[in-house]
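**Student:** here you go, sequence then predicted model.
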Amino acid sequence: MPKLFYPDFFNDVFGPIMQPGSSGSFAGTSRVGRIARYTLKSEPKRVRILFNPGDHHMKSLGNMMDDRGYLGGLQDFSTDDIRLFDAHELARQEGISYEFGELPSDNSWPGSTTFELAGAEGDTAVLTARSIGGGMVSTYTIHGFPIVWQADTFALLAWDEEPAFLHEAEQKVRERLHDLLEAVYYEDGEGRHALFIEFSSLPDETAFDEIFGDRTEWRHLPALLPVVTTRNRRPQLFKNVQEWRQVSEERGISFVQAAIEYEKGFSGWTDQQVWAYFEKINDILFNQIHALETVGYDRAKDTPNLPIYGRAWNRYLQSGKVLEDPITRHIITHAMSTNAKLPGTKIVPGPMGTGGGYLYSAIDAVREAHGFSHEKVIEGLIVAAGLGAIAFTNAQASGNSGCVGESGICCAMGSGAITWMAGGDGQQVENAASMALQASLGIPCDPIPGGKEFPCITRTIRAAVTAPLYADLALSGIDPLIPYHEVLLAIEENRKNSSESMLHCGINAAPCAKQCQSCFQSEQMAGKLNYEADASC
């Protein structure tokens, strides 16, 4: 039976739990790097990390810490490992030679990254994979075999010139191990054959040792997503808010419980497990929006690419001259803490890297102002997750759609969550999300390399502070005409019909932005594109 794939609350929307940064460019790249590490038999000692020339990725390399993500993952650092920030230095300490560059010509997978690796024991590997947004990844080739895998299962890859041996090995694996999902055979056109087996739980590697031994090459690849694919996954419960409301009405359950049922159908978890994971997310987000207060505004350190803007905001706040109302002030204070991206302060995307912190900035400020219960906050996060899953279902909820796919959807999720917390129903939740999303159409995703978080900071803070606005409009009875999922379909249609420049150039057309990019490449990335380790290491 083919695996069922559809957007999940914890894999796609509020995932992964990570160090602060971009979910696609920091967490996703670290996952690609970890896959690369496991394609080797021994510890990595040399790697070339290569991009398609046509993607022009080298122009922005490092701006969203993707370089550190790739190198950190290669050293087996998970998405929430603080060592990711020091990936260059730690790789050099381990004697790993590395080079970032371009392939001679574009391959068949736009946006992909190719790893050419050599291990300490002389083994080699080649991986082509991609961070596909939101921390999710996909492989295209592993060791020359056309394997498409999303790190959603535990996997075994074995290859040999004799397919009969692999078939015998498969039967032995089936006899020894449980939770086997599927087994697929591949050929590389050069006389080599491969067996790729996926499991829904961690297999006993000693069984692989006994079955394969030194007879042939094999690798065990770990699952990297919090929710692993199983045979029992049920079809997607709803794809738009209308269907979501319908499930609630037909089953006689609350709007929130219908969302929980969606997640249970995907993960196979219990109500208690789903609720407990949302509690975990809530704790991380709460710590994130208070991180600057905890560390101290004057102790938090600026970095070359990101000043602590919250320090200036706090001084201004203390001056008593702030023009905004109390709730908006509160949201901005939380959002500035989110923006600071302090190493060691774990975050949860929603959908972009720091999006969870921005929408939670609004949720927590409204909670405190109106005395909403902790339970209502968790319910708000569950509603936000449902809106996020619908977004991922109907559009590319990422910068590939422009900033509407990031800050726009973040605002929609926050607006719907606050509407529910304030007593709104499912229809009003949809109306709030639709209005928030309509207001965000047409904004490009155009971070300036070396631009100290601009223009992203202005848009993400706007998303946070306007979330209560759209909640109020929906609660007042205003009908935005366009259902939420139809706005998403419009976003997807615009993405398909828009040029790369329309979706991504934006402010980067400004002369000052071009100067920032030039300085970034010549100064901040100087010496980081390649490193040759001492031969004695």
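**Tutor:** Nice, I can see it.
**Student:** on contacts alone, who are the packing partners of the helix or strand where residue 117 lies?
**Tutor:** Using DSSP states H and E, residue 117 maps to strand 113-119. Applying 3 or more CB pairs under 8 Å, 6 or more residues apart in numbering; DSSP states H and E, one finds that strand 113-119 contacts helix 28-38, strand 44-51, strand 124-133. Any C-beta I mention is one placed from the backbone N, CA and C, and that applies to glycine too.
**Student:** which residues does that strand contact?
**Tutor:** 29, 32-33, 36, 39-51, 70, 74, 103, 107, 124-131 (CB atoms under 8 Å, 6 or more residues apart in numbering).
**Student:** kindly report the same for stretch 512-530.
**Tutor:** The contact list for stretch 512-530, computed with CB under 8 Å, 6+ apart, reads 59-63, 67, 88, 98-101, 304-305, 448-451, 507-508.
**Student:** type out the ChimeraX command that picks the buried ones from the residues you listed.
**Tutor:** In ChimeraX syntax, the buried subset of these is picked out as below (16 or more other CB atoms under 10 Å):
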select :60,61,62,63,67,88,98,100,305,448,449,450,451,508
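**Student:** and the contacts of stretch 512-530, which of them are in strands?
**Tutor:** 98-101 (DSSP state E).
**Student:** the strand holding residue 117 pairs with which strands?
**Tutor:** strand 44-51 (antiparallel), strand 124-133 (antiparallel) (DSSP bridges).
**Student:** now the buried members of the contacts of strand 113-119.
**Tutor:** Buried members of the contacts of strand 113-119, counted by 16+ other CB under 10 Å: 29, 32-33, 36, 39-40, 44-51, 70, 74, 103, 107, 125, 127-131.
**Student:** related to what we said a few turns ago, pLDDT and distance to residue 154 added to the ones in strands among the contacts of stretch 512-530, as TSV?
**Tutor:** Compiled in TSV, the ones in strands among the contacts of stretch 512-530 are given as follows (pLDDT from 0 to 100; distance: CB to CB, whole Å):
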residue	pLDDT	distance to residue 154
98	98	28
99	97	31
100	97	30
101	97	32
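**Student:** gap between residue 119 and residue 46?
**Tutor:** 8 Å (CB to CB, to the nearest Å).
**Student:** what ranges do the helices span in the stretch 51-200 of the chain?
**Tutor:** For the stretch 51-200 of the chain, the helices defined by DSSP state H, counting those that start in this stretch occupy 66-74, 87-93, 163-176.
**Student:** most tightly packed of those helices?
**Tutor:** helix 66-74 (a mean of 27; mean count of other CB atoms under 10 Å).
**Student:** which stretches of the chain have low pLDDT?
**Tutor:** 1, 536-537 (pLDDT under 70).
**Student:** now stretch 385-395, how far from the centre of its chain.
**Tutor:** With CA atoms, centre = their mean, to the nearest Å as the basis, stretch 385-395 stands 14 Å off its chain's centre.
**Student:** returning to what we had before: the helices and strands packed on strand 113-119: which one's closest to residue 280?
**Tutor:** Closest to residue 280 of the helices and strands packed on strand 113-119 is helix 28-38 (CB to CB; 19.7 Å).
**Student:** okay, the angle between that closest one and strand 124-133?
**Tutor:** 160 degrees (axes from the mean of the first three to the mean of the last three CA atoms, to 10 degrees).
**Student:** which residues touch helix 28-38?
**Tutor:** With CB under 8 Å, 6+ apart as the criterion, helix 28-38 contacts 16, 44, 47, 66, 69-79, 84, 113, 115, 117, 125, 127, 129-137, 139, 142, 151, 219-222, 224.
**Student:** mind listing what's buried in stretch 442-461?
**Tutor:** Neighbour-count burial for stretch 442-461 flags 443-453, 455-457, 459-461 (criterion: 16+ other CB under 10 Å).
**Student:** could you do stretch 310-325 as well?
**Tutor:** Taking 16+ other CB under 10 Å as the neighbour-count basis, stretch 310-325 is seen to contain the buried residues 310-311, 313-314, 317.
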